[in-house]
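# After the sequence you'll find the predicted model.
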Amino acid sequence: MTPPLPEPRPADPPTPAENVSLARYCTLGVGGPARYFLEVRDETGLLDGLAWARRHGLPFRVLGGGSNLVVADEGVVALVARIALHGVASREVNGAVELTAAAGEPWDDLVRASVERGWAGLECLSGIPGLVGATPIQNVGAYGQEVSDTVTTVRVLDSEGGEIRTLTAAECGFGYRDSRFRSVEPERWVVLAVTYRLRPGGAPTVRYADVEQHLAARRVAVPTLADVRETVLAIRRSKSMVLDPCDPNRRSCGSFFTNPIVSAADCARVEALARDPAMPRWVQPDGRVKLSAAWLIERAGFRRGDADRAVGLSTRHTLAVVAHEGARARDVVAFAAKLQARVLERFGVRLTPEPVFWGLPALR
């Protein structure tokens, strides 16, 4: 593995840049400037940045890979700290491997390295854009795995007290695409590093229909971790869900809405409205039912590729809202609100957005 995570070291006081465009740091490619902007390469620099923001009476915001962020056209009056903390370390613990990565490490590089070393637990999360630091915030998940399945601890900065702490998985409050960091105290915590417990020599996770079908089509009866990673990447590419500079659907946040989880009674009501007994659904351990947001959007009258001028749906995936040339943040929000309103009107189900919104009202 690469060298262990570096210890915080003394750093010069930050000298933030002014009026830095955030559009180039976000996969949507829209949004205005940060009033002040700082790239943070170590924990000391992050603490200095927080202190600087406080001295100047400014909000302190943290930017990762920008793959789940919508910034207002007017920008944000804040100090935006772009996380560039790096370092990866691993150790054996009771037959498992604890893999620790700094928040600024590219997520898919970490997944690839774990698969190459035969460590099971992250293989279905291949191809997801962004950085390590975002994974516990959103409880990133796909194709039958979530990071909460493997996270053991998260090293964080408590921006309220200015202290660095280590939280256990139980303290993170993980839920479906959610955590304490996202919905309970969204402005308080800055993720510095994450530790995942993986299974050396473990079997891959294969519990998602798309993955099973793709493996069967390749005639892979006993898949390896590498087989599952290759399959997941192929499926994601087919849906324009990997970053590809040549893909016309590239400017998006991936899935713009989470799959809604409703009561069994509401599920029956939606099925009756749709008049489709084959409506996709997944019964949850608590008896509630997860529905397909993409399916609801399509049954509400939208098709892949539908657009309002410079913003529309991906031509490959109904859940991806794509910004084309000339798009603005307000156009993205207006188009997403239109999808949300139509589904609510048709089925009485409110879709919840996945992205974080800076400087503009979040969709509810």
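Alright, I've got the coordinates. Numbers count the residues shown, from 1 in each chain.

# hey, let's count contacts and neighbours off CA atoms from now on
Will do.

# What average pLDDT does the longest strand seen in the chain get?
Determined from DSSP state E, the single longest strand within the chain is strand 189-200. The average pLDDT within strand 189-200 is 98.

# C-alpha coordinates for it, CSV please?
The C-alpha coordinates for strand 189-200 follow below in CSV (Å, rounded to 0.1, in the frame of the first residue of the first chain):
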residue,chain,number,x,y,z
TRP,A,189,-18.7,18.0,10.5
VAL,A,190,-15.8,17.9,8.0
VAL,A,191,-14.7,14.4,7.1
LEU,A,192,-10.9,14.0,7.2
ALA,A,193,-10.5,10.2,6.8
VAL,A,194,-12.5,7.1,6.7
THR,A,195,-11.7,3.5,7.8
TYR,A,196,-13.4,0.5,6.1
ARG,A,197,-13.2,-3.1,7.3
LEU,A,198,-12.8,-5.4,4.3
ARG,A,199,-12.6,-9.2,3.9
PRO,A,200,-9.4,-10.6,2.5
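
# which element follows it toward the C-terminus?
helix 209-217 (DSSP states H and E).

# how about the helices in the stretch 151-300 of the chain?
Using DSSP state H, counting those that start in this stretch, the helices found in the stretch 151-300 of the chain span residues 209-217, 225-238, 264-274, 293-299.

# From the contact counts, what lies against the shortest one?
The contact analysis (3 or more Cα pairs under 8 Å, 6 or more residues apart in numbering; DSSP states H and E) places helix 293-299 against helix 329-347.

# List the neighbours of the helix it packs on that are in contact with it.
Contacts with helix 329-347, where a contact means Cα atoms under 8 Å, 6 or more residues apart in numbering, come from 30-31, 70-73, 256, 270, 273-274, 296-297, 300, 308, 310-312, 321-323, 349-351, 363.

# In strands only, show me those residues.
70, 71, 308, 311, 312, 321, 322, 323.

# ok, the strand or helix carrying residue 99: who's next to it in the sheet?
Taking DSSP H and E as the criterion, residue 99 maps to strand 96-102. Next to strand 96-102 in the sheet, as set by DSSP bridges, lie strand 88-93 (antiparallel), strand 189-200 (antiparallel).

# Please state the offset of that strand from the chain centre?
20 Å (Cα atoms, centre = their mean, to the nearest Å).

# Can you tell me the closest non-neighbouring residue to residue 239?
residue 316 (4.9 Å; Cα to Cα, 6 or more residues apart in numbering).

# what's the one you found in contact with, if anything?
Going by Cα under 8 Å, 6+ apart, the list of residues near residue 316 reads 238, 239, 240, 304, 305.

# what secondary structure does it sit in?
coil (DSSP: H, G, I helix; E, B strand; the rest coil).

# just use 718 as the starting number from now, easier for me
Shifting the count to begin at 718 puts that one at residue 1033.

# Now stretch 872-885: buried residues?
Within stretch 872-885, the residues that count as buried by 16 or more other Cα atoms under 10 Å are 872, 873, 874, 875, 876, 881, 883.

# and which of these is nearest to residue 915?
Of all these, residue 872 has the smallest distance to residue 915: 17.9 Å, by Cα to Cα.

# dump the residue contacts of the closest residue to the closest one other than its chain neighbours.
In space, and not counting its chain neighbours, residue 872 is closest to residue 883: 4.4 Å by Cα to Cα, 6+ apart. Counting by Cα under 8 Å, 6+ apart, residue 883 makes contact with 870, 871, 872, 873.

# Find the pair from those residues with maximum spatial separation.
Between all members of the contacts of residue 883, the farthest pair (by Cα to Cα) comes out as 870 and 873, at 9.6 Å.
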